[in-house]
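Chemist: got a sequence here, can you model it:
(chains A and B)
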Amino acid sequence: MKLKQLESVLGDLEQFSNPKAENSFGDVSNKVVADFGCGCGTLGAAAALLGADQVIAIDIDSDSLELASENAVDLELDIDFVQCDIRNLEWRGHVDTVVMNPPFGTRKKGVDMDFLSMALKVASQAVYSLHKTSTREHVKKAALRDFNASSAEVLCELRYDVPQLYKFHKKKEVDIAVDLWRFVPKRNQGRGI
Amino acid sequence: MRLLTHNMLSSNIKGVANGFPLLIEVEKVIEKQVDFNPDFLKNIFPKIEWQALVQASRSMGYSELPEESPESSMLDSDDFLMKFHHVLLELHLEEGALVCPETGRKFPVNKGIPNMLLHEDEV
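Modeler: Here you go, the predicted model:
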């Protein structure tokens, strides 16, 4: 029932309605989940609907956070929001799981990797993240070699249409291939102190 | 912002060695009811910095949390768990500020959202 609710409410985000996170890995239900770069809050909301005990959503942009707050209220979800640049987040301890749809790094080069690095520091159990398929090898190498991941797995490849959302988008719409990854940090003690 | 989140946030100003815990300046506290989940509480308890939580709860006007870090046997007491639950999840700093313990720099909290964005010279 929870999955149906998720799909109907978050219709746009079909690409990330990821039952696998819950069914195969138990990374979300009854866990503390952080949404890095939450935007209007869809992933965090998804996690809450899939049974996360607590969700903390972080974004740099005030307008996004305001919208995300309203969305959470509309969905009757209790999510904590923090305004912060993920690249200089200072976190004490760990959350269980980080979910994120980071900026792709087309404008601020490398920002997607900064997000991944931070996520693997903050999560004790798992990180779910979206990265362009074209960067697959690079992401895998960086995660395993530099960011302390014990495993890095592409769960599926998605294609989605990015509509013209920002001023710097030149085309009306672009179709891109994106990988949904699951990373496990080496620590993986489950207690994460 | 609830105290669970506060318990994990640290001052992110460059060069600060001891940025945790952030001090709390209260302008407005609200309470939001959350379903009591003893399993969650027992699970999260070892991950909580107890002193920081107690200090924070007192700033928010709640003084019933014991100052000494409870022994694990306390987790069997529903009375204790309900206080822990209330402080951790139901008290929200709606308006006010989080203060860096080392530099005194204030991070404003508006509509429950702390703003940890740094100025250029703090990065």
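Chemist: got any ranges where chain A has weak pLDDT?
Modeler: Residues of chain A that meet the criterion pLDDT under 70 lie in A:1-24, A:188-193.
Chemist: what does it put close to chain B?
Modeler: With C-beta under 8 Å from any C-beta of the partner chain as the criterion, chain A meets chain B at residues A:30, A:32, A:53-54, A:56, A:60, A:65-66, A:69, A:78, A:80-85, A:88-95, A:191-193. To be clear about C-beta, it is placed using only N, CA and C from the backbone, and glycine gets the same treatment.
Chemist: change it to 10 Å
Modeler: With the criterion set to C-beta under 10 Å from any C-beta of the partner chain, chain A comes near chain B through A:30-32, A:34, A:53-54, A:56-62, A:65-66, A:68-69, A:78, A:80-85, A:87-96, A:122, A:124, A:190-193.
Chemist: ok, the most centrally placed residue in chain A to A:V122 distance?
Modeler: Central residue of chain A (C-alpha atoms, centre = their mean): A:M100, 1.1 Å from the mean position. In this view, A:M100 and A:V122 are 10 Å apart by C-beta to C-beta, to the nearest Å.
Chemist: now the common contact residues for those two.
Modeler: Residues within reach of A:M100 and of A:V122 at once, by C-beta atoms under 10 Å, 6 or more residues apart in numbering or on different chains, are A:A34, A:F36, A:I58, A:I86.
Chemist: among these, which ones are buried?
Modeler: Of all the shared contacts of A:M100 and A:V122 considered here, the ones buried according to neighbour count by 16 or more other C-beta atoms under 10 Å in any protein chain shown are A:A34, A:F36, A:I58, A:I86.
Chemist: before we move on, back to that, among the residues of chain A next to chain B, which are in helices?
Modeler: In helices, defined here by DSSP state H, the members of the residues of chain A next to chain B are A:S62, A:L65, A:E66, A:A68, A:S69, A:V122.
Chemist: show me what contacts the fourth one?
Modeler: To tie it back to what came earlier, the one meant is A:A68. A:35, A:38-42, A:44-45, A:57, A:59, A:61, A:79, A:81, B:113.
Chemist: one more time with 7 Å, if that's ok
Modeler: Under the criterion of C-beta atoms under 7 Å, 6 or more residues apart in numbering or on different chains, the contact partners of A:A68 comprise A:C38, A:C40, A:G41, A:A57, A:D59, A:F81.
Chemist: distance of the fifth one from A:L144?
Modeler: Looking back up the chat, that one is A:D59. From A:D59 over to A:L144 (counting by C-beta to C-beta), the distance is 28 Å.
Chemist: and the contacts of A:A68 as TSV, adding neighbour count and distance to B:V87?
Modeler: TSV is the format used below for the contacts of A:A68 (neighbours: other C-beta atoms under 10 Å in any protein chain shown; distance: C-beta to C-beta, whole Å):
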residue	neighbour count	distance to B:V87
A:C38	30	25
A:C40	21	30
A:G41	25	25
A:A57	30	22
A:D59	25	26
A:F81	26	20
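Chemist: wait, does the lengthiest helix in chain B contact chain A?
Modeler: The single longest helix within chain B, with elements called by DSSP H, is helix B:50-59. No: on the criterion C-beta under 7 Å from any C-beta of the partner chain, helix B:50-59 is out of touch with chain A, staying 8.3 Å away.
Chemist: thinking again about what came up before, give me the buried subset of the residues of chain A next to chain B.
Modeler: If you count burial by 16+ other C-beta under 10 Å, the buried members of the residues of chain A next to chain B come out as A:31-32, A:34, A:53-54, A:56-60, A:65, A:68-69, A:78, A:80-85, A:88-96, A:122, A:124, A:192.
Chemist: helices along chain B, start to end?
Modeler: The residue ranges that make up the helices of chain B, judged by DSSP H, are B:3-6, B:38-44, B:50-59, B:78-85.
Chemist: and of the ones you listed, who's closest to B:R105?
Modeler: Taking C-beta to C-beta, helix B:3-6 is the member of these nearest to B:R105, at 16.2 Å.
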